[in-house]
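*Asks:* My questions are about this predicted structure, shown below with the sequence.
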Amino acid sequence: AADILNDESLIPDLSRDERMAAAPAGQKAFVPSFGGWFSPMILSETKSAYSLTTSMNVLRLWGRLSLGGNCFLYVRGRESYTAVIAKDKVDISNKNELDLDSGFIELATPARAFTLDAGRKFFSVGSGLVVNGRGDGGDITVKTPFADLYAAGFYTGLIDKDSNPYGLSEKDLSDGAKRAFAIGSVEKSFANQTVYLFAVMQKDYADEDDAVKVRYDSQYFGAGLRGDLGGGVDYYAEGIYERGKGYAQMENMKKTDVEARAAVAGVSWYPDAAGNPSFTVQYGYGSGDSDRASATLSSGNQYGKDTAFVPFGTFSGGYAFRPVLSNLHVVRGGPTVMPFASSTTVLKYMSIGARYDAYWKATSGPVNNNEISSPNGKNRFVGHGADLIFRWAVFCDLAVYVNYGIFIPGSALPEEEMVRHFVTGGMTVAF
């Protein structure tokens, strides 16, 4: 149940909205700028294991000091207060978190052909499936006429354990995940297309003893392509190969190989029509392991080689089910429309969307972490669901949103698994 208390991914990302993003860095040295945003929201979830309704209030304050040109210092703090409104079959209480969300220095050449960042910041590579989160470290971006190069390294052990998203074991949850990541990528753009290659190394530094082996070390090698096909159609596709080392719990915790695969792809169509409609179809695949006791916990593998894909990034696969992309095939699609796009009133930036999701197991093993660990024979249909999405940027500094999701379990899940409902709504005020 901890995920619903900390799931800020449901708050729209202001950094991707140019009208609500932080002000750009000043060009003169020692010119400060500052601001923030406040996001109150209500979340309610009902499923077999528990039901829970909470309110989450997140305040972020940022400051930026220009060092001249494209160089600057940036810091952002976060305070999150979560109050439990109603609960059943779950032991959770109110809590308040104060954290350094981000704090780094950026040094860049005038044309940004070379950029160096160091500090606590956001790291991502490719589609974001392998890595997509905060850490303490640095990165370098070099843009050349031939290709763009990116290299990064960061450590997760200094992030507050209650908001550390990199945990794969009980030790990670109690102490905070202590992982080091190294990232390298190269990409080339041509004719409205971009092709890229990347590699990620993840090293686990969790404390362990001879009685309990929990460390999970992994390396990821990926290739992707994204671009514009013309006619209002764009696409993306990415394939990933994972290798590494883990433990076979039922073989006296013998160290074993990890060999897994994953893929994501999508196509979106933006026809030139009233209401600015769009239609999206997406696919995701993460390999599984039939003898795992948990889809992604580091202690999940029971025998021999581990073939379950274990990501550290993000995957959007439905509000109610919210799957980790491991031991799964996911098909997702639906439309979005802005019904008042031609209006000159505040209704102009209102959008309504819907998504349908269908899920199948890749093997007979478990899916979605340890929530569903009982295979049901050879049945592979996990279930299906739908999302309804409402967004309204009322003004340049005020947005409201409502999300609803439903998941209907399929024959691959235990008979006692019930229909899941998820509702969240809130607003974001930028200043």
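*Replies:* Arrived safely, thanks for sending.

*Asks:* C-alpha from now on. contacts and neighbour counts both.
*Replies:* Will do.

*Asks:* Poorly predicted segments of the stretch 251-400 of the chain, please.
*Replies:* For the stretch 251-400 of the chain, applying pLDDT under 70 flags the ranges 369-377.

*Asks:* how about 50 then?
*Replies:* Applying pLDDT under 50 to the stretch 251-400 of the chain flags residues 370, 373.

*Asks:* Between the two ends of stretch 155-173, how far is it?
*Replies:* Start-to-end span of stretch 155-173 (CA to CA, to the nearest Å) is 16 Å.

*Asks:* All the helices of the stretch 51-200 of the chain, residue numbers only.
*Replies:* 170-175 (DSSP state H, counting those that start in this stretch).

*Asks:* show me where it has strands.
*Replies:* All strands of the stretch 51-200 of the chain, identified by DSSP state E, counting those that start in this stretch, fall at 51-68, 71-88, 95-108, 114-124, 132-143, 148-155, 179-190, 193-204.

*Asks:* ok, now the stretch 201-350 of the chain?
*Replies:* Taking DSSP E, counting those that start in this stretch to define them, one finds strands in the stretch 201-350 of the chain at 217-230, 233-248, 254-269, 278-286, 328-337, 350-361.

*Asks:* For residue 43, find the nearest of these.
*Replies:* Closest to residue 43 of those is strand 350-361 (CA to CA; 18.8 Å).

*Asks:* Contacts only, for the one residue sitting closest to the centre of the chain.
*Replies:* Geometric centre of the chain, nearest residue: residue 314, 2.5 Å, by CA atoms, centre = their mean. Residues near residue 314 by CA atoms under 8 Å, 6 or more residues apart in numbering: 128, 129, 130, 131, 132.

*Asks:* Buried members of these into PyMOL, please.
*Replies:* Selecting only the buried entries of the contacts of residue 314 in PyMOL, with 16 or more other CA atoms under 10 Å as the criterion:
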select buried, resi 129+130+131+132
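
*Asks:* Out of the strands of the stretch 201-350 of the chain, which gets nearest to residue 77?
*Replies:* Taking CA to CA, strand 350-361 is the member of these nearest to residue 77, at 29.5 Å.

*Asks:* So what sits opposite residue 263 in the bridge?
*Replies:* Residue 263 has these beta-bridge partners by DSSP bridges: residue 239, residue 285.

*Asks:* Please report the distance of it from residue 182.
*Replies:* 21 Å.

*Asks:* Settle it for me: which of the two has more neighbours?
*Replies:* Per other CA atoms under 10 Å, whichever of residue 263 and residue 182 has more neighbours is residue 263, with 20 against 17.

*Asks:* quick one, what contacts the more buried one?
*Replies:* By CA under 8 Å, 6+ apart, the neighbours of residue 263 are 237, 238, 239, 240, 284, 285, 286.

*Asks:* Apart from its chain neighbours, what residue comes closest to the first one?
*Replies:* Taking CA to CA, 6 or more residues apart in numbering, and ignoring the residues beside it in sequence, residue 237 has residue 265 as its nearest neighbour in space, at 4.1 Å.
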